[in-house]
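Participant: Curious how this folds, go ahead:
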Amino acid sequence: MLGIVGRSGVGKSTLVSLISRLYDPDSGEILIDGINLKDLAFESLRGNVAMVSQESYIFMGTVAENIAYAKPDATYDEIISAAAAASAHEFICKMPDGYDTVIGSGGRQLSGGERQRLSVARAILANPKILILDEATASVDTATERKIQTALDKLVEGRTTISIAHRLSTLNNADKLIVLDEGRAVEQGTHEELMQNRGVYYKLVQLQSKALSLKSGAE
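Facilitator: Here you go, the predicted model:
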C-alpha cells in the first residue's frame, strides 16, 4: 500500500487520475511495471485498475446492474457476495425490490454511505490488480466510515493499493507514504520514519490531531 498525503489542492487527486488515465500528462511518463500507460490498451488498463473515490457514480438502473458495472457478466451470486463483503447487502435487502430496485436518476435516491458501499462492492467484484482509493470515506459519518473501512481492509489484501485519505491515521500501516507539497513529492517513507523527520508530514499529523481534539472537546 502506497499512501499519498498532503494539504488540500496539492495535486493528490490529480495524481491518481493520471494513473487511471482520466487524462494524460503534458510531459513525462507514467509507468506500470516498466510499461508506459500510453502503450497499454484502455481495455487492459480498465480490467486491472479500479478506483473508489468520494464521488461515487451511480447510473439509472438496478442495484445489481450498478454493482456489476465493473464486470457485466457477473453472476447474481458474485454480485451478492461482493455486496456482502462491502457491508452493503443488509441495506440492499431492505429496499423495495432488493437487488432489482431501480436507483440513480429517476430511481431511488441513496445516501452518501450507501453510494460508497456500492462503489466498494464494484471494486471487489472487479478484483483489480491495482486499487486506487481517493478519499473513499470522506463524505460519510463515523459509523458508516467504520463499515466502509472494514470492507476496504479486506479489499486491499493481495493487491497494489494507492490510497489518499483525509484521516492520516488510516494510512499508518501503509508500506510507504509519499508527501506532496506545492505540486511536488517532498518526502517519502513509512509513518514512523516521517514522524522522526519532523517535516511536512509531521506537521500535518500534528495539525490534524489538534483539530480532532478540539472537535472532541466541543462535543
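
Participant: part of a helix, is T170?
Facilitator: Yes: counting by DSSP: H, G, I helix; E, B strand; the rest coil, T170 falls inside a helix.

Participant: Helix or strand for the residue most central in space within the chain, just tell me which one.
Facilitator: Per CA atoms, centre = their mean, the C-alpha nearest to the average position across the chain is that of L133, at 2.1 Å. L133 is part of strand 130-134, with elements assigned from DSSP states H and E.

Participant: which neighbours does that strand have in its sheet, and in what orientation?
Facilitator: According to DSSP bridges, strand 130-134 has the following sheet partners: strand 49-53 (parallel), strand 160-164 (parallel).

Participant: Lowest-scoring secondary structure element of this structure by mean pLDDT?
Facilitator: helix 142-155 (a mean of 78; mean pLDDT, DSSP states H and E).

Participant: helices and strands around that one, which ones?
Facilitator: Contacts defined by 3 or more CB pairs under 8 Å, 6 or more residues apart in numbering; DSSP states H and E place helix 142-155 against helix 76-85, helix 112-126. In short, each C-beta sits where N, CA and C put it, glycine included.

Participant: Just the buried positions in that helix, please.
Facilitator: 144-145, 147-149, 151-152, 155 (16 or more other CB atoms under 10 Å).

Participant: rewinding a little: pick the most deeply packed of the helices and strands packed on helix 142-155.
Facilitator: Mean neighbours per residue, mean count of other CB atoms under 10 Å, is largest over the helices and strands packed on helix 142-155 for helix 112-126, with a mean of 24.

Participant: Which strands or helices does that helix pack on?
Facilitator: So helix 112-126, by 3+ CB pairs under 8 Å, 6+ apart, packs with strand 49-53, helix 63-67, helix 76-85, helix 142-155.

Participant: so which of the buried residues of helix 142-155 comes closest to G11?
Facilitator: G11 lies nearest to L152 out of these, by CB to CB, at 22.8 Å.

Participant: ok, Y69 - contacts?
Facilitator: Y69 makes contact with 59, 122 under the criterion CB atoms under 8 Å, 6 or more residues apart in numbering.

Participant: List the single closest residue to K71 in space, sequence neighbours excluded.
Facilitator: Distance criterion CB to CB, 6 or more residues apart in numbering; nearest residue to K71, sequence neighbours excluded, is L125 at 5.0 Å.

Participant: now that neighbour: how far from E145?
Facilitator: 22 Å (CB to CB, to the nearest Å).

Participant: just S56 next, same as before
Facilitator: 14 Å.

Participant: returning to what we had before: of all the strands paired with strand 130-134, which one comes closest to T137?
Facilitator: Of the strands paired with strand 130-134, nearest to T137 by CB to CB is strand 49-53, at 9.3 Å.

Participant: And the contacts of the closest one?
Facilitator: With CB under 8 Å, 6+ apart, strand 49-53 has contacts from 13, 16, 19-20, 70, 116, 119-120, 122-123, 126, 128-136, 152.

Participant: Extract the C-alpha set from it and format it as CSV.
Facilitator: The C-alpha coordinates for strand 49-53 follow below in CSV (Å, rounded to 0.1, in the frame of the first residue of the first chain):
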residue,chain,number,x,y,z
VAL,A,49,-7.3,-0.8,-12.3
ALA,A,50,-10.3,0.1,-10.1
MET,A,51,-11.0,3.3,-8.3
VAL,A,52,-13.1,4.1,-5.2
SER,A,53,-13.5,7.8,-4.8
